[in-house]
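# The amino acid sequence is not available; the structure is as follows:
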Ligand SMILES: [Zn+2]
Ligand SMILES: [Zn+2]
């Protein structure tokens, strides 16, 4: 099959990759759309290359059910990023993301991939393939998981640190849920997108000397109620812990090395902090309901490229002026 290979140092090529072979618990998927994720941009910038690509957000059609009677060739499916076994206690609770045997679809910037037969959903006609990538993957899954677990709702002032694809997804999600969202980033283009996606206020951290003071100024001197750290660096976590209002909440979402000073959380301010990975696959119907009630998750997609244009797509992703970039796979005639 054709697919994208990471060569290291911000270089990718479209080349021949080995055809994937499904495990007994998997079906073979012909990919129709896949998403570029923040983690992949980090991998793209690394010195060392890879055999293929780290893509993992995907929608497609069943190419070979591989003996799984519930699927037929040609079924259009949404595919979960975190794929549990489907049978253990976590999976039976719909929290397949905690399954000890979790699998992730591999190399999804290619023509084919494999998905566990138990980790797909037949798509209704109103959910197109790029939208399915967002809803069943982490593109909208992380914003949904982090925001609903934090019980974001009307009356909340939230602050999203980091307006990459996930942070911008949180701007869409949290403004939909009724919160006043403050978006923080260092890239002006991303702050513009945040505003477009419903942010109430934005702060360019590169131009702001005292972030804590700036956040207090916007919030009657008390700070945001709920802060979402979507960068994965120490500085933003420290600012979030300093700025969050007493009795407030900090949700840690970004990937990166961080340490925590419990004194800052507990002493005098009664803060709560928790982490969030993606969302529980069992919750996808709630996310679909939101979409059908006006969430407009599709706003997050700011560019679409054919997968053979992956070098340009990755270059754009690394420049950081897009929200979500989707690769498509229709035959070129
Ligand atoms: Zn992802
Ligand atoms: Zn399981």
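Ah, there it is. These figures come from a predicted structure and were not determined experimentally. Residues are numbered from 1 along each chain as shown. Ligands and ions are numbered 1, 2, ... in the order given.
# Hmm, residue 78 and residue 141 touching each other?
No. At 10.9 Å, residue 141 does not count as touching residue 78 under the criterion of C-beta atoms under 8 Å. In this view, the C-beta of every residue, glycine as well, is placed from N, C-alpha and C.
# intersection of neighbour lists for those two?
Both residue 141 and residue 78 are in contact with residue 135, where contact means C-beta atoms under 8 Å, 6 or more residues apart in numbering.
# list the contacts for the closest residue to ligand 1 within the chain?
Using C-beta to the ion, residue 37 is the residue of the chain that sits closest to ligand 1, at 2.9 Å. Residues counted as contacts of residue 37 (C-beta under 8 Å, 6+ apart) are 55, 56, 57, 137, 138, 139, 165.
# Name the surrounding residues that touch stretch 46-57.
So stretch 46-57 is in contact with 3-9, 11-12, 17, 34-37, 39-40, 43, 81, 104-110, 133-134, 137-139, going by C-beta under 8 Å, 6+ apart.
# List the buried residues in that stretch.
Neighbour-count burial for stretch 46-57, counted by 16 or more other C-beta atoms under 10 Å, picks out 49, 50, 52, 53, 54, 55, 56, 57.
# try stretch 223-233
Result for stretch 223-233 [16+ other C-beta under 10 Å]: buried residues 223, 224, 225, 226, 227, 228, 229, 230, 231, 232.
# What about these, which are in strands?
Per DSSP state E, strands hold the following members of the buried residues of stretch 223-233: 226, 227, 228, 229.
# if we look at ligand 2, which of the residues you listed are close to it?
When those are checked against ligand 2 using C-beta under 5 Å from the ion, none falls in range.
# Kindly present the residues you listed as CSV, with separate columns for distance to residue 86 and pLDDT.
Shown next, in CSV, are those (distance: C-beta to C-beta, whole Å; pLDDT from 0 to 100):
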residue, distance to residue 86, pLDDT
226, 33, 98
227, 35, 98
228, 31, 98
229, 32, 97
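# could I get those as a markdown table with distance to residue 195?
As requested, these are exported to a markdown table (distance: C-beta to C-beta, whole Å):
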| residue | distance to residue 195 |
| --- | --- |
| 226 | 19 |
| 227 | 19 |
| 228 | 17 |
| 229 | 20 |
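# okay, those residues in CSV with distance to ligand 1 next?
Formatted as CSV, these follow (distance: C-beta to the ion, whole Å):
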residue, distance to ligand 1
226, 23
227, 22
228, 17
229, 17
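# so what's residue 245 up against?
Contacts of residue 245 (C-beta under 8 Å, 6+ apart): 157, 219, 222, 223, 224, 225.
# switch the cut-off to 7 Å
Contacts for residue 245 (C-beta atoms under 7 Å, 6 or more residues apart in numbering) come out as 222, 223, 224, 225.
# Mind checking which of the residues you listed land in helices?
In helices, judged by DSSP state H, none of those are found.
# closest to residue 206 among those residues?
Residue 206 has its nearest neighbour among the contacts of residue 245 in residue 224, at 19.6 Å by C-beta to C-beta.
# now that closest one: how far from residue 179?
10 Å (C-beta to C-beta, to the nearest Å).
# what do those two both touch?
Counting by C-beta under 7 Å, 6+ apart, the residues touching both residue 224 and residue 179 are 157, 158.
# and the chain, which residues reach ligand 1?
Counting by C-beta under 5 Å from the ion, the residues of the chain close to ligand 1 are 37, 57, 138.
# Of the residues you listed, which is the nearest to residue 146?
Closest to residue 146, out of all of these and judged by C-beta to C-beta, is residue 138, at 10.7 Å.
# next one: phi and psi at the closest one?
Torsion angles at residue 138 (phi, psi; degrees, to the nearest 10) stand at phi -90, psi -10.
# Contact partners for it?
With C-beta under 7 Å, 6+ apart, residue 138 has these contacts: 37, 57, 81, 278.
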